[in-house]
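J.: next come a sequence and a model predicted from it.
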Amino acid sequence: MLHISNSVSIPLNEIDLIPIRAQGAGGQNVNKVSSAVHLRFRISTSSLPPLYKQNLLKMRDHRITRDGMIIIKAQRHRSQGKNRDEAFRRLAVLVRQAGIVPKTRKPTRPSRKAAKKRVDRKVQRGQLKSLRKKIT
């Protein structure tokens, strides 16, 4: 189980882990060992609550495909186990972000005193600038 919060978790059978060979430098070992990990997670068929699914599908993230698949590639570490843990951690962070409900903005208006203060400052600044002009 991948724990997201106290009430939400993802069973490991819903997550596909595919070992792949890592890119970049690493000597001879990089050509022989599949230490990187591709994590695939389908949002629509998962056991996540509907709120999480909707918010994940609305997210503008390059790791989420159009058909609702989350693809995470982890290749930072030299061992497959650490890369697998890193991929799980990234998935958990992404799903947690989907669970955060943003606060609704309450429209506000500056007080009458603040508006008058602002206008007074503008008038004062204008008078200061007018004193800089040449006297004719």
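T.: Thanks, I have the structure now.
J.: give me the phi and psi for residue 134.
T.: phi -70, psi 140 (degrees, to the nearest 10).
J.: next: residue 87.
T.: Dihedral angles for residue 87 - degrees, to the nearest 10 - are phi -60, psi -40.
J.: hang on, residue 70 in a strand?
T.: Yes - per DSSP: H, G, I helix; E, B strand; the rest coil, residue 70 lies within a strand segment.
J.: can I get stretch 35-46 in CSV? Just the C-alpha atoms.
T.: The C-alpha trace of stretch 35-46 is given here as CSV (Å, rounded to 0.1, in the frame of the first residue of the first chain):
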residue,chain,number,x,y,z
SER,A,35,18.3,0.5,-12.6
ALA,A,36,15.9,3.1,-13.7
VAL,A,37,12.1,2.7,-13.1
HIS,A,38,9.0,3.7,-15.1
LEU,A,39,6.0,4.0,-12.9
ARG,A,40,2.6,3.9,-14.6
PHE,A,41,-0.7,4.6,-12.8
ARG,A,42,-4.1,4.8,-14.5
ILE,A,43,-6.3,7.3,-12.8
SER,A,44,-9.7,6.2,-14.1
THR,A,45,-9.5,2.6,-12.9
SER,A,46,-7.8,3.4,-9.6
